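> Model the following, please.
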Amino acid sequence: MLEASYGINFFLKRPRNQSDFRYVYIRITVDGIPKEVSTKRKWYASKWNQRSERATGSKEDAKSINFFLHSICRKIEDHRLKLINRNITITSQNLIDFILGNSEGNTKVLEEFQKHNDEILALVSKGEYSIGTHERYVTARSHVQQFIKLKYKVDDLEFRQLNYEFVKDFDFFLRTIRNCQNNSTVKYIANFKKIVYRAISKDIIASDPFKAFNNKKVTVKKTPLSSRELFLLENKVFESERLNEVRDIFVFQCYTGLSYIDVKQLKTDEIKTGIDNKQWIISSRQKTGSSTTIPLLSKAIEILEKYKHHKLCIKGNVLLPVKSNQKMNEYLKEIATLCNINDNLTTHKARRTFGSTVTLNNGVPMHVVKEMLGHQSIKQTEEYALTEQSTISREMDILDNKIEK
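Reported below is the predicted structural model:
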């Protein structure tokens, strides 16, 4: 480990009342990062030499405070050598912690992670974050907690103990023990990286353990349901009412493009009369806060009518009896098997089906689809633009006729 460059300075801090009797402060700088704190001792500005950073005079009170300041320097140096011998990264913060009487430092990884998550949760009610964002950070923290327990056999670690090896092994843990796919692993690492960078910003640690680490998302081709698969799904009659309800909600998403959280929270006052005197969904996306304006297709209206007297809808003041996302996706897998759909059916696939199969493949312009999906940019919408073979065939027939003429 490279030895950190550091310096110690003492100075008097000028009070607001311009008094000559002032507090003596210590400033510790490590690798260019300064931290300062009061020594709780006072001395006279008129009897202070800033060049030597000591009290002037030969009286006992001057000797006493100078001995005190010398003792602080000696103790800090002893503590610094201990940190070097323990291979612990030296920061201005952990030396200040030592002065304040906490030689082990007081900032732990999981503690700081929890503070961050609590802040996110408090801002959910303000509309700055979605509950889904908070849940992802909660899951990311639980993975870090499990990893620390498994590898280090402790309940928490100090930030200064983090290094490249920790990050590399955590990445391996996610891919093996947690059996996460590459893109999920990258997301969890990114969640954890935010906490580490938060600690760096607070000068808790000076070096970045992610500096030499690199991982990237891989492009995954996310396909929508085809017209044929959507038709099979719509017309399948299940023996279980539970599966019928989940299928209906999924189909409603396919004809509106609403995300899971938006369809779960959809309320009566978000169904409004549009400029064409027809029913529209006019609301804000829970995830981004961007406005959503979607004219309701007749198939979507039929589903809303079907559930308007459902007891869970009445009780929750919502339009559809949507279960948890985990349960929805679990039941959708069962539905896919019963419909002989050889694909991973999830609530998000419905949104893609709306963006591609229902709208773009039926000639709805991309800029219109962008507005209905509530995307921030056309680039997001372009990712949904997967053209069906039937559409390609139709367009080529038109081209062929034009060439013939």
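
> Secondary structure of Asn277: a strand, I assume?
No. Counting by DSSP: H, G, I helix; E, B strand; the rest coil, Asn277 is not part of a strand but coil.

> how many other residues sit next to it?
By other CB atoms under 10 Å, 6 other residues sit near Asn277. In short, each C-beta sits where N, CA and C put it, glycine included.

> Check the secondary structure at His309 for me.
coil.

> Please work out how many residues are found near it.
Burial measure for His309: 8 neighbouring residues, criterion other CB under 10 Å.

> Buried residues in the longest helix seen in the chain, which are they?
Longest helix in the chain by number of residues (criterion: DSSP state H): helix 60-85. Using 16 or more other CB atoms under 10 Å as the test for burial, helix 60-85 gives Ala62, Ile65, Asn66, Leu69, Ile72, Ile76, His79, Arg80, Leu83.

> So the residue lying closest to the last one once chain neighbours are set aside: helix, strand or coil?
Meaning Leu83. In this structure, Leu83 finds its nearest non-sequential neighbour in Ile90, 5.2 Å apart by CB to CB, 6 or more residues apart in numbering. At Ile90 the chain is in coil, as set by three-state DSSP.

> what's Arg242 in contact with, if anything?
Tyr331 (CB atoms under 8 Å, 6 or more residues apart in numbering).

> next one: Leu373
So Leu373 contacts Gly257, Thr292, Arg351, Phe354, Gly355, Gln380, Thr381, Tyr384 (CB under 8 Å, 6+ apart).

> With Pro209 instead?
Leu162, Asn163, Tyr164, Phe166, Val167, Val196.

> State the mean pLDDT of the helix or strand hosting the last one.
Secondary-structure assignment from DSSP states H and E places Val196 in helix 182-201. Per-residue pLDDT values across helix 182-201 average out to 92.

> For the helix or strand just after it, list every residue counted as buried.
With elements assigned by DSSP H and E, the helix or strand that comes after helix 182-201 is helix 227-235. Across helix 227-235, burial judged by 16+ other CB under 10 Å covers Ser227, Glu229, Leu230, Leu233.

> Could you export these as CSV, including distance to Tyr23?
Shown next, in CSV, are the buried residues of helix 227-235 (distance: CB to CB, whole Å):
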residue, distance to Tyr23
Ser227, 76
Glu229, 74
Leu230, 73
Leu233, 73
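
> Out of the residues you listed, the closest to Val218 would be?
Using CB to CB, Glu229 comes nearest to Val218 of the buried residues of helix 227-235, at 25.2 Å.

> That closest one reaches Asn340, doesn't it?
No. Applying CB atoms under 8 Å as the test, Glu229 and Asn340 come out as separate, 9.2 Å apart.

> which of the contacts of Pro209 lies closest to Ile131?
Distance to Ile131 across the contacts of Pro209 (CB to CB) is lowest for Val196, with 24.1 Å.

> wait, what's in contact with that closest one?
When the contact criterion is CB under 8 Å, 6+ apart, the partners of Val196 are Phe159, Leu162, Ile205, Asp208, Pro209, Phe210.

> Could you find the lowest-pLDDT member of those residues?
Where pLDDT dips furthest among the contacts of Val196: Ile205, at 76.

> mind listing what the closest residue in space to that one that isn't next to it in sequence touches?
Nearest residue to Ile205, sequence neighbours excluded (CB to CB, 6+ apart): Phe159, at 4.8 Å. Applying CB under 8 Å, 6+ apart, we find Phe159 in contact with Gly105, Thr107, Lys108, Val109, Glu112, Val196, Ala199, Ile204, Ile205.

> and the gap between the fourth one and Asp208?
Same thing as Val109. Val109 is 15 Å from Asp208, where distance means CB to CB, to the nearest Å.
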